[in-house]
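kindly return the folded structure for what I paste below:
(3 chains)
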Amino acid sequence: MTGALTRIAAMALKELRVVLLDRRVLTTLVASPIIQLILFGFATTLEVRNIDIGVVNRDAGIASERLLSATAAVRNVRAVTAYPNERALAVAIERREVIAGLIIPADLSARIARGEPGQVGLLLDGRRVNAAQIVAGYLGEVALQTGTQLRPEAAVATPQIAARHWFNPNLEYRWFTLPGMITLITTVIVLSVSVQAIAREREAGTWDQLMAMPIRSWEILAGKCAPALSVGLFNGALYVLMIPLVSDVPFNGSLGMMLLAVACFSLSVTAIGLCVSSLAQNQQQAFLGGFLVIVPMMLLSGYASPVDSMASWLQPVALIDPLSHMLIICHGLFLKAMPADLVVRQMLPMLAVAVMAFGLANLLLKWRSE
Amino acid sequence: MIARDPFARRRAAAIRAKEWAQVWLDPSTFGLVVLMPLILMILFGNAVSLDVRHSRLGVVDRDHSQASRELVGILRNNESFAVVEGPSLGALERGLVDGTLRGVAVIPEGFGESLLREQTQDLQLITDGAQVNTATFLTGHLRDAVRAWVAARAGEGGVAAPAVLEVVARYTYNPGLQSRFMLVPGAIGIVMAMIGSLLTALIMAREYERGTMEGLLSTPIAIPSLVLSKLLPYYVLGLASTGICVAVAVLGYGLPFRGSLLALFLIASAFLAAVLGQGLLISAGTKNQFVSTQFALLSGFLPSLLLSGFLFEIDSMPRAIQWLTYIVPARYLIPPLQSVFLVGDVWSLFLPNIVVLLGFGAFFFLRVTRAIKRTIA
Amino acid sequence: MAEEPLLRLVDVAKRFKGARRGAPPVQALDGISLTLDPGRSLGLVGPDAGGKTTLMRILAGLVEADRGSVEVMGRPVAELDRNQVGYMPQGGALYGELTVRQNLELYARLRGVEPEDNPDRMATLYRATGLADFRDRPANRLSGGMRQKLALACAVVAAPPLMLLDEPSVGVDPVSRREIWDLAQELAGPHSAIVWTTSILDDASRCDDLILLHQGRILYEGAPSGLAKVAADRTFAAPLPSEGRREALQDLLERAEVVSASMSGRSLRAICRSASPPPGRTWLPAEPNAEDGFSALLDDGRPLPPSVLAEAFPPRTADRDRPAIAALQLTKRYGAFTAAQDITFTVFPGEIFGLLGPNGAGKSTTFRMLCGLVTPSGGLGTVAGRELTRAAVGARAALGYMPQKFSLYGDLSVIANLRFVAGTYGLKGAGARAAVDRVVAALDLEPFTAHMAGLLPLGIKQRLALGAAVLHTPPVLFLDEPTSGVDPLVRREFWHHINAIAARGTAVLVTTHFMDEAENCDRLLLINRSQAIASGTPDDLKRAVLGNPDPTLEQAFVTLIEAQARSESAAA
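Numbering: from 1, shown residues only, chains lettered A, B, ... in the order given. Now for the predicted structure:
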């Protein structure tokens, strides 16, 4: 067994040297994730701000005046621009100058004064589904409030929703994205390192020499986990320390648990990468194969859209995705002070994936070495 | 000098033939060109949906009145929610921590009675604030559901009285509000960005790593000609991949295609010019497959995914990052691409974007021809 | 036209940055001046890292000189018309996955020869290279000799006035080596000049002129015969004893008065530091050749020390009569193609067993089956009593393997490579350090320890690979063309080590294309066209040559192979 350890250590050391010796590699592996975290972490918001709205107003009365001033007062509305007619408004939407346009009919104030229900048209840019829906929500609320102001007596007593947002009282989007980015960036880095582990040897012709040495295939694989694992751990640890520094996102959980989770996660992603690498004959195949894996893993993680909204047949697939579990842990430990037992419950599937992928990589490696 | 060389075209053709032969021999290229679009289209069609539906909502009914039971029933039948009832807030709390619940609604005691007296009591909603988007939608959906329910109860025979003032929303181009309509163009962008920057990031570095660059450089081929000839097959592959995406989108998902194929071809070509140039520049600069794929991922794929405005609105980003998106080629692809599907040929939108993309292409191409030196080592 | 030289170099110098920051720069070339007239051939020889490749790259316009002027066809090299130059880089710049035809046509078109418009030229190329039947075979599945011929054809497809060939004959068997030389002559235009680098003096001697580069400077310039004259009066021959030939050679090599020694035919040759022969034996003056001159010129005056590498091997005296390596009817088929058929031989501890044969004959396949890298289709191969394809990993520890192609990590330093290999063989701590230090010292790798292995000159790479194979002092050593691309002085050292290691009781299986090296072997097996065609001691093999009282092994080699070809064509 000590022989195996010596061999794994030699392999690990060599791998670390190969990957970390190149200064350019080191730069990409260390500096760029930091830049990305900041860049993408702040950029990826589903919140809709700086909204530009157009209006075609044919009503000179109080209703339109109230409605427009209330619209302009909405926090995320940047500008309200008047257009002479629907045609001009449609062109503005087409050219993406505004995302939505209100069309106020000439008799609006008069109808409301008569006690009749008033309707305002809202034309939205259907290309931007998400943003448009949110804008529609804002403006619907504005119309409702304005209506109540105009005719308070018509209001029906409606229970209000007293919403409290736990873990993120002000619903800051950053609080979601920054911890979540750890998962994405670590995946990209770890997988792209591990995926080339075997393929690189095959392409460089060093595989032959290795096969003639007294080292088992699983020992090779174990040693080859080293660079990906250390890069993953380093980045993970760096992020956990950095995020509270560069932003107001709190870290409420246990640092130890977080590092443990990052280790488990990196291990599972590394093992998946080794599977791809065992199959690939050269580096190009490895990288492209890795890519075929990365993209689904990212999209199924629940970062871009929640797992609950996915097609029902895809939800079990998402459960195998280590990213979906790591995402829960990241949010849990940063924001929710997630207790250890819950963290472990998310870690177990990751470990299971790691073990299975490692076994598969070993099988593939033996099969491919024939 | 180049123009006068009678063999220049044949040399270029020879390089192209070689690249094609290498593409044919490596299954991974076809994996990327054929499989990747299919995987992405399936995932964007089924996994990524920005419509928040079936959010798991815990409900605690402390009232147990006829009205509260009716409300719970209403919520159960609303497809925005997947209702889980619990005896108390404490019992459901853990669900919020481990992500099995997105929110918990509490119907207070005396809720039903208060409704009869028209002095309404508030409903409590606790959301998982970590899932910002879901929390926002959940709050809105619950508010709408309750409002509709109350209005229906108040109105004649269960029909709600019309509101004093309401907006009637109409979504141009996408009346059914399908987020696929928005995601498919994004998927095309990703596929092209990947073929462009990732595949080409490999091809030049590979020549250096294998030592074949020394052979090529010792022949009379001119460097711009070498670069262009290496690019051309990947340009064709990029277009093929785009074709697959479009076919799946239109035939499989019923996405309208209101523009012209010519417009699509021009937009895709301009974008490919930019990303292929970007990939080659990375490749020629690093001369190492591993480093260049890292660069391609970080400067090509991730910005195309995150900073192009296809998933996340550019207008909502911090100002500094908005400026940065101007150097992300995908930023100029997504708006024309979305329009060519959903709107039609909006040349006033297409042309400026195409010009910018071609500008990127020309810039990268010039840099690549400079980065490849006739001398080695 | 003839009075205008094709190449004119005046005082050319080039230095490279050190391998690490702070490391001193490397002066690759210093004060090189030369001219080459049309129609002439120039052989560039010199020890590893002597500057040959750098000079070739300067001539091809791929490296800029720091100083001096380089003119090709009367114009500065910066304005080089690449149509006029056919450059074959070391290793050939072939696309391995592409077929012979695809490679050849690519380079033909790049060099301005449209295959369809020049069917005669293409036919000549296929005929001359003997690749006509292999047009559709991927280049990486060609044998070493064929690959070199293809690379040569790709470089000179347009019959350019200037042909620059960097190591075209490395790793090639003696027959193919001659063919490659003839091929270069045949493919050249009527006034083409050839610059040819090689570590094999025999090849270089075929050139009109010869330049010996050492540490970036020209040490000798002139006719090949002139180089041989350096060793005149200092070369001696004595009859080879029938027993203890290797011991006699070892003894000679370690003598202070001897520069170099070798076996050839039935005699022992020695180049001495003075005009008097070494003591003992009946020495007669001998005719020196270019290789002798090379050795004499580069002599550093130090006698060869006893092999430190071998001293680390424990003396293995037990079980001398149990075969350490046994091949029993080993067969490998790839589809319809049989790469090796019914190969049978045994190697005992302390024996050096040589596998000879042309490129592609099946030597490497046999080798790889024994190492456990290729599963035999039939037959049995054992190493140290175990079958390596099935045996546990531990059994591989008994084996030291030096592959034909450099297979260590190009992006790691020399020292890191050695440390890694030590670790995989289970050496750790002080034991690993001692083993690494020993190899570095014994193989003169000290100046290169921090260098990236991939950027080393071929000869240094080979030294590193040999070092890696013997780090763990295995009882069985497999060396696949250990000396290809290595200069004559280092070859001498390699064999000094190999002989000494075998003397400690290690079984050595070796392939080689150098017949003087084959003389070192106790027994030989000649493989051709996948079959063993002759076996026995070097003298046994030489008996196949009729009508020559003192044939060389090379003559035996050629005779036996031709005999098989005749009998096969007779059968067909």
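
domain parsing for chain C?
Segmentation of chain C into domains, based on automatic domain parsing, reads C:7-226, C:233-287, C:308-398+C:474-571.

got a list of what the residue lying closest to C:D48 once chain neighbours are set aside touches?
Of all residues not flanking C:D48 in the chain, C:G459 sits nearest, at 2.8 Å (CB to CB, 6 or more residues apart in numbering or on different chains). Backbone N, C-alpha and C define where each C-beta goes, glycine included. Applying CB atoms under 8 Å, 6 or more residues apart in numbering or on different chains, we find C:G459 in contact with C:P47, C:D48, C:A49, C:S199, C:G485, C:V486, C:D487, C:V490.

now do the host helix or strand of A:Q285: distance to the chain's middle.
Per DSSP states H and E: A:Q285 is located in helix A:283-299. Counting by CA atoms, centre = their mean, to the nearest Å, helix A:283-299 is centred 17 Å from the centre of its parent chain.

what do you get for stretch A:2-20?
34 Å.

and stretch B:203-223, by the same measure?
So, by CA atoms, centre = their mean, the centroid of stretch B:203-223 is 36 Å from its chain's centroid.

what of stretch B:265-278?
Taking CA atoms, centre = their mean, one finds stretch B:265-278 lying 17 Å from the centre of the chain it belongs to.

what's the closest non-adjacent residue to the residue of the stretch 1-150 of chain C found nearest chain B?
In the stretch 1-150 of chain C, no residue comes nearer to chain B than C:A93, which is 2.6 Å away by CB to the nearest CB. What sits nearest to C:A93 in space, not counting adjacent residues and going by CB to CB, 6+ apart, is B:G215, at 2.6 Å.

how much space separates that neighbour from C:L150?
If you measure B:G215 against C:L150 using CB to CB, to the nearest Å, the figure is 12 Å.

what do these two both touch?
Joint contacts of B:G215 and C:L150 (CB under 8 Å, 6+ apart) are C:G92, C:L94.

could you tell me how many residues sit around residue 218?
Defaulting to chain A. 16 (other CB atoms under 10 Å in any protein chain shown).

wait, chain B
27.

ok, it - contacts?
C:A60, C:G61, C:L62, C:R82, C:V85, C:Y87, C:P89 are the contacts of B:S218 under CB under 8 Å, 6+ apart.

equivalent analysis for C:A296, please.
Counting by CB under 8 Å, 6+ apart, C:A296 has contacts C:V230, C:A231, C:R234, C:V259, C:I271, C:P288.

for the spatially most distant residue from the centre of chain B, give me phi and psi.
Distance from the centre of chain B peaks at B:R117, with 50.1 Å (CA atoms, centre = their mean). Torsion angles at B:R117 (phi, psi; degrees, to the nearest 10) stand at phi -90, psi 0.

same deal with A:L37?
Residue torsions, per degrees, to the nearest 10, at A:L37 are phi -60, psi -50.

do C:L7 as well
With angles defined as degrees, to the nearest 10, C:L7 sits at phi -130, psi 140.

okay, now the closest residue to it other than its chain neighbours: neighbour count?
Among residues not flanking C:L7 along the chain, C:L36 sits closest, at 4.0 Å (CB to CB, 6+ apart). Neighbourhood size, C:L36 [other CB under 10 Å]: 22.

A:G302 now?
A:G302 has 24 neighbouring residues, counting by other CB under 10 Å.

surely the residue nearest to C:L7 meets C:L42?
Yes: judged on CB atoms under 8 Å, C:L36 makes contact with C:L42 at a distance of 5.4 Å.

now do the shared contacts for those two.
Common neighbours of C:L36 and C:L42, using CB under 8 Å, 6+ apart, are C:A193, C:V195, C:D209.

who wins for neighbours among the residues you listed?
C:V195 leads the shared contacts of C:L36 and C:L42 on contacts (other CB under 10 Å) with 27 neighbours.

wait, does whatever helix or strand that residue lives in contact chain B?
Using DSSP H and E, C:V195 sits within strand C:193-197. No: using CB under 8 Å from any CB of the partner chain, we find that strand C:193-197 stays clear of chain B, coming within 13.2 Å at best.

contact partners of that strand?
Contacts for strand C:193-197 (CB under 8 Å, 6+ apart): C:6-7, C:36-45, C:52-53, C:56, C:59, C:161-168, C:184-185, C:188, C:203-204, C:207.

over to stretch B:35-45?
For stretch B:35-45, using CB under 8 Å, 6+ apart, the contacting residues are A:291-292, A:295-296, A:299-300, A:314, B:180, B:183-184, B:186-188, B:190-191, B:194-195, B:241, B:244-245, B:248-249, B:252-253.

next step: these restricted to helices.
A:291-292, A:295-296, A:299, B:180, B:183-184, B:186-188, B:190-191, B:241, B:244-245, B:253 (DSSP state H).

next up, phi/psi of the residue of the stretch 151-300 of chain C found nearest chain B, please.
Residue of the stretch 151-300 of chain C nearest chain B, by CB to the nearest CB: C:C154 (7.4 Å). When read as degrees, to the nearest 10, the backbone of C:C154 gives phi -60, psi -40.
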